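Enquirer: Sharing a model that was predicted from the sequence below.
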Amino acid sequence: MKTRLIDAMKTNFIILFCIHGALSVRHSLRYFYTTSSEIPAFPEFVDMGMVNDQVISHYDSITKRKVPKQSWMETFFDQQYWDSTTENLKSAESIFKTNIQIAQKRFNQTGGIHISQDMYGCTWDDETGFTEGFHHIGYDGQDLLTFDVKTATWIALVPQALHSKMKWEMDLSGIKSKKSYLTQDCIEWLKKYLDYGKTTLQRTVPPSVSLLQKTPSSPVTCHATGFYPSGVMVFWQKDGQEQHEDVENGETLPNDDGTFQKSTHLTVTPEEWKNNKYQCVVQVTGIKEDFIKVLTEFEIQTNWGDPAPNCIPIIGGVVALLLVVVVVGVVIWKKKSKKGFVPASSSDTDSDNSGKGLLKI
């Protein structure tokens, strides 16, 4: 029973991590928290920061250290900064562990495998100027609460979340600070991170495109890999028209080098593609050129193993990346300092909205 639950949760988390808006030009800053109970060899608490789907910082209850995951994060923040933010997360860890126990009581549970999750952050479009803040909370894969930035209120999605909604909304200064963080401070930090890590975060890398097939009767897979950023469209065309019938699209998945991959599968007979022009088109955000592979016998690579060999270890990496996204029964935040930014200083406000002002559910 435990194994099936863990596998189901892992599948959901993979899907959540791998959903990306096709050709989106939006940049994102997200923080993920996970608290778990009775999962062997898995941290009870994890904190992870991500910019444009790249992990920038990590903390867990086993190592008990917040550490940079990008070289440019090490450049702009000194050790004193990492030490101070580590202490903040140790406090957060304690409250999160208490909260998962409270959540179990609210759902009339007496133990077992449970996971609470929390995702918050913001997006910014450098072309249109559009910004968006968000905070989603849940438990065991079920949505509990979401913060409505426009009305500055919490929306309880299940009866068990009503107590938290009413409790948090009584703290008017906390509500004001949360809206300010999601709509202003978070955007400011996102822009700073994009500047600090521009050589990696704002680069463009063209894809490598291959046509793969296990057997002559198997679907033909168009596999694009090695591209950056993650915004991508991979689709089939028949005689110049986009083909939707007999097409199965895969998710965008991360490679271990920071780039991404995506596949789409076309079920077609040799007679059909020999008598009609089928081609796979790949479009990547920030790259004007389309990458096209015409389906011919010469282009098809026969693969008697897995059509996308890197998928299995990558998926495992995503799970290890944390069972972390969306949903918890707890909110963590702190009021943001209005002081100016001073690089490489522990006195600087952390972009992670954790540490102080933590609310118990």
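Expert: Nice, thanks for sending it over. Numbering: from 1, shown residues only.

Enquirer: Mind jotting down where the helices sit in the chain?
Expert: 2-18, 71-76, 79-106, 162-169, 172-180, 186-196, 198-201, 270-275, 311-320 (DSSP state H).

Enquirer: quick check: mean pLDDT across the last one?
Expert: Which is helix 311-320. When pLDDT is averaged along helix 311-320, the result is 35.

Enquirer: again, but for the fourth one
Expert: Helix 162-169 comes out with an average pLDDT of 94.

Enquirer: residues of it that come out buried?
Expert: Within helix 162-169, the residues that count as buried by 16 or more other CB atoms under 10 Å are 164, 165, 168. In short, each C-beta sits where N, CA and C put it, glycine included.

Enquirer: Dump these to a markdown table, plus distance to residue 254.
Expert: Formatted as a markdown table, the buried residues of helix 162-169 follow (distance: CB to CB, whole Å):
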| residue | distance to residue 254 |
| --- | --- |
| 164 | 33 |
| 165 | 34 |
| 168 | 34 |
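
Enquirer: out of those, who's nearest residue 127?
Expert: Closest approach between the buried residues of helix 162-169 and residue 127, by CB to CB: residue 168, at 34.8 Å.

Enquirer: if I look at the closest one, how far off is residue 148?
Expert: From residue 168 across to residue 148, the span is 12 Å (CB to CB, to the nearest Å).

Enquirer: intersection of neighbour lists for the two?
Expert: Each of residue 154 lies in contact with both residue 168 and residue 148 under the rule CB atoms under 8 Å, 6 or more residues apart in numbering.

Enquirer: circling back to that earlier point, can you convert the helices of the chain into JSON lines and add a column each for distance to residue 255?
Expert: Below are the helices of the chain laid out as JSON lines (distance: least, CB to CB, whole Å):
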{"stretch": "helix 2-18", "distance to residue 255": "12"}
{"stretch": "helix 71-76", "distance to residue 255": "18"}
{"stretch": "helix 79-106", "distance to residue 255": "27"}
{"stretch": "helix 162-169", "distance to residue 255": "38"}
{"stretch": "helix 172-180", "distance to residue 255": "35"}
{"stretch": "helix 186-196", "distance to residue 255": "21"}
{"stretch": "helix 198-201", "distance to residue 255": "14"}
{"stretch": "helix 270-275", "distance to residue 255": "29"}
{"stretch": "helix 311-320", "distance to residue 255": "6"}
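
Enquirer: May I see the buried residues of stretch 119-131?
Expert: Going by neighbour count (16+ other CB under 10 Å), the buried part of stretch 119-131 is 119, 120, 121, 122, 123, 124, 131.

Enquirer: Revised request: answer the last question for stretch 94-104.
Expert: With burial defined by 16+ other CB under 10 Å, the residues of stretch 94-104 counted as buried are 95, 96, 97, 99, 100, 102, 103, 104.

Enquirer: circling back: quick one: which of the buried residues of stretch 119-131 is nearest residue 274?
Expert: Within the buried residues of stretch 119-131, the smallest distance to residue 274 is 44.7 Å, found for residue 123 (CB to CB).

Enquirer: Show me what that closest one bridges to in the sheet.
Expert: Applying DSSP bridges to residue 123 gives these bridge partners: residue 28, residue 132.

Enquirer: Next up, the contacts around residue 280.
Expert: Residue 280 is in contact with 209, 211, 222, 234, 235, 236, 237, 264, 266, 292, 293, 295, counting by CB under 8 Å, 6+ apart.

Enquirer: ok, and the closest non-adjacent residue to it?
Expert: residue 222 (3.5 Å; CB to CB, 6 or more residues apart in numbering).

Enquirer: wait, doesn't the one you found sit right on residue 234?
Expert: Yes. Residue 222 sits in contact with residue 234 when judged by CB atoms under 8 Å, with a separation of 6.1 Å.

Enquirer: joint contacts of those two?
Expert: Contacts common to residue 222 and residue 234, judged by CB under 8 Å, 6+ apart, are 263, 264, 280, 282.

Enquirer: For the second one, list the residues it contacts.
Expert: Contacts here follow CB under 8 Å, 6+ apart; on that basis residue 264 touches 221, 222, 234, 235, 236, 247, 248, 249, 250, 280.

Enquirer: same question, residue 156
Expert: 144, 145, 162, 164, 165.

Enquirer: And those, which is closest to residue 270?
Expert: So of those, ranked by how close each gets to residue 270 (CB to CB), first place is residue 144, at 51.3 Å.
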